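[1] With the input below, show me the fold.
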Amino acid sequence: MDPPASGFTLKLFGDPRLIGPDGQDCTPRLRKAFCLLAYIALQPNGQARRERLLGLLWGDRGQLQAQTSLRHALLELRQAFGAHLGETLASDRLGVRLNTRTVAVDALGIDALLATGTAEAVLQASAAWTGELLSDVVAPDPAFDEWLAAERESRQTAILRGLERAIADAEKAGREAVLEALAEALLRIDPAHESGHRVLIELQARRGNVAAALRQFEQCRKALARLLDAEPSAPLRSYVEALRRREKEEPGKAAGAGRRTVPHRTPVVAVFAQPPIGPPELVRDLSRLLEDEFVIALSRYRTFSTQLIASPEQACEVGQYLLRTGLRHDGRICRYGMRLGDAATNLQHLAEAFTFPPILDLASVLPHLSSFAHRVDHVIRTAPRPQLGEAAEAYDLWLAGDRMAETFSREAFDAAVPLLDRAAAADPGFARPLSGLASIELSRQQLVPGMTCGAETFAHATRLARAAIAIDPWDSYGHMIAAWAYLRQRMPGQARRHFEQGLALNPEDPMTLIACAEGLAHLGSIDEAIRCGERALEIHPAPPAYFYWYLAVAYMHAGAHDRALALGQLGPETVPELVAWRAVALASSGRSAEAKAAGEEFFQRLGRNWGGQAPFTRDRALHWLGEVVLIPDEVKRRQFLDAVSQITGS
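    Here you go, the predicted model:
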């Protein structure tokens with residue numbers, strides 16, 4: 001969205017608010033004043049009659065009282081726009097008008113992108129869709145609530161239709177990378193959209209990854225059941241059944257010695273829930289409830305990870321153990337069976353069944369599930385570890401690539417990528433190479449001044465991180481990279497969740513701790529961030545240079561500028577962003593001359609190494625800095641950029 005003439009931006013998606021020219025939050029204090037502003041912003045030509053506003057927001061009040069309340073709301077808006085009132089908001093005795101040419105409205109920006117219709121524009125629109133319209137606003141009046149519900153439905157329909165058309169065009173053009181990004185965007189907005197699942201299933205099947213296609217179908221089935229109480233369509237079910245038959249018929253897939261279990265560092269238990277037997281209206285929901293509770297019981301153990309599969313034939317591609325569950329309901333009593341076996345040889349390790357009345361008392365069932373989960377843990381904990389074979393080579397390749405990437409330079413990244421690619425190919429059950437590739441993809445822009453990263457880049461990095469988590473959900477590193485991916489996309493809620501999950505999984509790992517140091521600082525948890533960073537420096541025998549950079553940023557957020565400057569001197573010299581942080585720290589410490597010199601150094605370094613398509617200018621340099629700085633709060637990010645600009649008078 002281009003900067004508006006007045007400098008004001010009205011955000012109606014994600015975190016609804018009015019942002020002023022200097023990045024400050026100008027959201028009016030009165031809730032109805034903001035609702036009024038949102039309403040007129042979405043009307044044709046940004047205007048509405050007073051009678052409509054009175055009925056929409058003060059329909060339960062008398063005429064005189066409603067008119068007084070409207071005047072108060074307009075006064076709030078005039079104060080919010082301040083000196084820019086004349087170019088933004090106008091009102092007379094008939095109506096109120098917002099100049100949407102001088103105030104940028106994110107919803108109208110999405111409309112314009114959808115009207116463009118290209119795949120790239122539609123992806124941009126979906127990236128701006130960070131939640132439903134006015135998601136945190138409580139409707140002040142039933143009439144407004146009715147309008148808002150209709151507006152939400154209309155806008156969601158528009159973006160879904162735009163994505164559907166873009167997907168159809170991408171399918172015709174054979175643009176697989178764009179097609180995958182579009183389908184994932186579609187499912188982010190509507191998780192139960194079968195067409196989005198179908199595209200991803202077909203893409204995986206064309207790539208020869210039938211197991212991934214079947215996993216996607218399982219996600220589709222569960223989303224449809226949970227959100228729509230429906231099943232996948234008959235054509236999609238037929239397509240998936242054909243995939244399953246093809247997988248069975250492929251050479252090397254037959255049962256017995258021809259099978260090879262993928263070597264894996266954390267053993268994986270593939271869980272297959274057999275179709276329940278009994279009256280469908282009784283067993284369907286009951287079977288899913290037991291399956292969910294059993295997976296929760298299994299997930300408490302860290303000696304193995306679990307993965308749901310759509311057919312037992314997938315087990316060998318997932319891991320070395322297959323856990324079958326099944327429910328039988330004869331009308332009088334229910335029987336639930338559990339069997340753990342070897343995925344390749346079908347050798348049985350454990351088997352148990354228990355019965356319970358048709359009316360489920362969950363408290364009486366949970367001990368059975370927990371007991372069996374404990375026995376699964378014992379079997380895996382005491383089992384001899386197989387020789388890793390190819391996995392040992394994969395580990396060596398990953399380690400070499402990871403050590404290169406730690407130096408944080410373009411050349412090191414270029415050398416690390418083929419090593420990580422080879423590691424991922426050598427051991428598909430090893431999560432770290434995927435996390436490493438995602439990390440490099442997210443970090444390149446920080447090393448190449450002027451480089452731009454689109455939604456497709458972030459979506460691909462997010463897919464890699466999520467794939468790593470799916471392989472090994474107990475590896476904190478995957479959660480850290482997923483958190484960075486969401487932070488780059490300005491999705492702080494998802495980022496915080498992964499930072500916290502990773503820290504809970506491995507609270508004494510220095511790599512996890514230092515990632516949390518910068519990430520949590522950007523998210524506002526300053527004390528926790530500094531604790532993590534100091535602990536990381538304490539326990540790492542030889543901290544890489546980027547450790548000092550991340551902790552310096554945390555201290556900058558805390559206002560401890562001297563400590564930030566001391567740490568920053570030990571940070572990597574290859575990162576221009578660090579010079580900008582140093583300039584701001586010097587200025588905040590009253591060292592104006594040094595701050596100006598650091599600011600000039602920042603721009604000079606960017607000018608020498610500029611990699612953007614357009615020629616270097618200081619405005620473009622600040623725009624690039626705004627993209628790579630991971631502060632998700634727009635106001636705080638703007639304050640940081642303004643500080644860099646003011647130091648050098650740019």
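
[2] The worst-scoring helix or strand of the chain on mean pLDDT: what's the following helix or strand?
    The weakest-scoring helix or strand in the chain, judged by mean pLDDT, DSSP states H and E, is helix 390-406 (a mean of 75). Remark: after helix 390-406, the chain's next helix or strand is helix 410-426, criterion DSSP states H and E.

[3] Find the nearest non-adjacent residue to Met480, please.
    Spatial nearest neighbour of Met480, chain neighbours left out: Ala515 (4.1 Å); criterion: C-beta to C-beta, 6 or more residues apart in numbering. (C-beta placed from N, C-alpha, C; glycine too.)

[4] give me the number of residues near the one you found?
    29 (other C-beta atoms under 10 Å).

[5] orientation of the strand or helix carrying it relative to helix 390-406 in degrees?
    Ala515 is part of helix 510-522, with elements assigned from DSSP H and E. Following axes from the mean of the first three to the mean of the last three C-alpha atoms, to 10 degrees, one obtains 50 degrees for the angle between helix 510-522 and helix 390-406.

[6] and helix 510-522, how far from the chain's centre?
    Helix 510-522 has its C-alpha centroid displaced from the chain centroid by 17 Å (C-alpha atoms, centre = their mean, to the nearest Å).

[7] Can you list the buried residues in the helix or strand following that helix?
    Where DSSP H and E defines the elements, the next helix or strand beyond helix 510-522 is helix 526-539. Using 16 or more other C-beta atoms under 10 Å as the test for burial, helix 526-539 gives Ile526, Glu528, Ala529, Ile530, Arg531, Cys532, Gly533, Arg535, Ala536, Leu537.

[8] what would those look like in JSON lines with distance to Ala459?
    As requested, the buried residues of helix 526-539 are exported to JSON lines (distance: C-beta to C-beta, whole Å):
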{"residue": "Ile526", "distance to Ala459": "30"}
{"residue": "Glu528", "distance to Ala459": "29"}
{"residue": "Ala529", "distance to Ala459": "27"}
{"residue": "Ile530", "distance to Ala459": "32"}
{"residue": "Arg531", "distance to Ala459": "33"}
{"residue": "Cys532", "distance to Ala459": "28"}
{"residue": "Gly533", "distance to Ala459": "29"}
{"residue": "Arg535", "distance to Ala459": "33"}
{"residue": "Ala536", "distance to Ala459": "30"}
{"residue": "Leu537", "distance to Ala459": "34"}
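
[9] quick check, nearest of these to Cys453?
    Of all these, Ala529 has the smallest distance to Cys453: 24.6 Å, by C-beta to C-beta.

[10] OK, contacts around that closest one?
    Ala529 makes contacts with Cys516, Ala517, Glu518, Gly519, Leu520, Ala521, Ala554, His557, as judged by C-beta atoms under 8 Å, 6 or more residues apart in numbering.

[11] what do you get for Ala107?
    Leu12, Phe13, Ala41, Leu42, Leu133, Arg155.

[12] and it, what helix or strand is that in?
    helix 106-116.

[13] what do you get for Gly337?
    Using DSSP H and E, the element containing Gly337 is strand 334-342.

[14] That strand: what's the following helix or strand?
    strand 348-356.

[15] buried sites along that following strand?
    By 16+ other C-beta under 10 Å, the buried positions in strand 348-356 come out as His349, Phe354, Phe356.

[16] Longest helix in this protein, please.
    If you go by DSSP state H, the chain has its longest helix at helix 142-173.

[17] which other helices and strands contact that helix?
    Contact partners of helix 142-173 among helices and strands, from 3 or more C-beta pairs under 8 Å, 6 or more residues apart in numbering; DSSP states H and E: helix 31-41, helix 50-57, helix 106-116, helix 119-128, helix 176-189, helix 194-206.

[18] Which among those is found nearest to Asp342?
    helix 194-206 (26.3 Å).

[19] Give me the helices and strands touching that closest one, please.
    On a contact count with 3+ C-beta pairs under 8 Å, 6+ apart, helix 194-206 meets helix 142-173, helix 176-189, helix 210-228, helix 234-249.
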